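# need coordinates for the below:
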Amino acid sequence: MAGYFKLVDAHDDGFRVKLTAPDGTLVAVSTYYASKAEAIAGIELIREIAGTGPVVDHSRIGSPDQEDVFAGPQGTVGRDGALHRDA
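All right, here's what the predicted structure looks like:
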């Protein structure tokens, strides 16, 4: 079974989206959406970003064996946040 998006009620009569791993582990919780239609549009945006968005590392520099760049479908991203397209 694949992971899934769970549409849930939020405070103030709105909605949130929870991204859940196949084993049921909560991976992410979305921002507040005022309507169900906005939440569904948010799911579509999450799907698009997750499939194509590069990883930009804004964390502190870790151990010497830590990767300096992250590979993605659009290229690699350096610690400076610059996207380098693979040739």
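# going forward, measure contacts and count neighbours with C-alpha atoms only.
Noted.
# what about residue 52, distance to residue 33?
Using CA to CA, to the nearest Å, we find residue 52 at a distance of 23 Å from residue 33.
# which regions of this structure sit below the pLDDT cut-off?
The model of the chain has pLDDT under 70 over residues 61-87.
# higher neighbour count, residue 52 and residue 33?
residue 33 (20 against 11; other CA atoms under 10 Å).
# contacts only, for that one.
For residue 33, the contact set (CA atoms under 8 Å, 6 or more residues apart in numbering) comprises 14-16, 39.
# for the helix or strand residue 19 falls within, name the packing helices and strands.
Using DSSP states H and E, residue 19 sits within strand 14-20. Taking 3 or more CA pairs under 8 Å, 6 or more residues apart in numbering; DSSP states H and E as contact, the helices and strands that strand 14-20 lies on are strand 4-10, strand 26-29, helix 36-52.
# render the CA-only coordinates of the last one in PDB, please.
Taking Å, rounded to 0.1, in the frame of the first residue of the first chain, the C-alpha atoms of helix 36-52 are listed here in PDB:
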ATOM      1  CA  LYS A  36     -12.400  21.600   1.400                       C
ATOM      2  CA  ALA A  37     -11.800  22.700  -2.200                       C
ATOM      3  CA  GLU A  38      -8.700  24.700  -1.100                       C
ATOM      4  CA  ALA A  39      -7.400  21.600   0.800                       C
ATOM      5  CA  ILE A  40      -7.800  19.400  -2.300                       C
ATOM      6  CA  ALA A  41      -6.000  22.000  -4.400                       C
ATOM      7  CA  GLY A  42      -3.200  22.000  -1.700                       C
ATOM      8  CA  ILE A  43      -2.900  18.200  -2.100                       C
ATOM      9  CA  GLU A  44      -2.400  18.700  -5.900                       C
ATOM     10  CA  LEU A  45       0.300  21.300  -5.200                       C
ATOM     11  CA  ILE A  46       2.000  19.000  -2.700                       C
ATOM     12  CA  ARG A  47       2.000  16.200  -5.300                       C
ATOM     13  CA  GLU A  48       3.600  18.500  -7.900                       C
ATOM     14  CA  ILE A  49       6.300  19.900  -5.600                       C
ATOM     15  CA  ALA A  50       7.100  16.500  -4.100                       C
ATOM     16  CA  GLY A  51       7.700  15.000  -7.600                       C
ATOM     17  CA  THR A  52       9.800  17.800  -9.000                       C
END
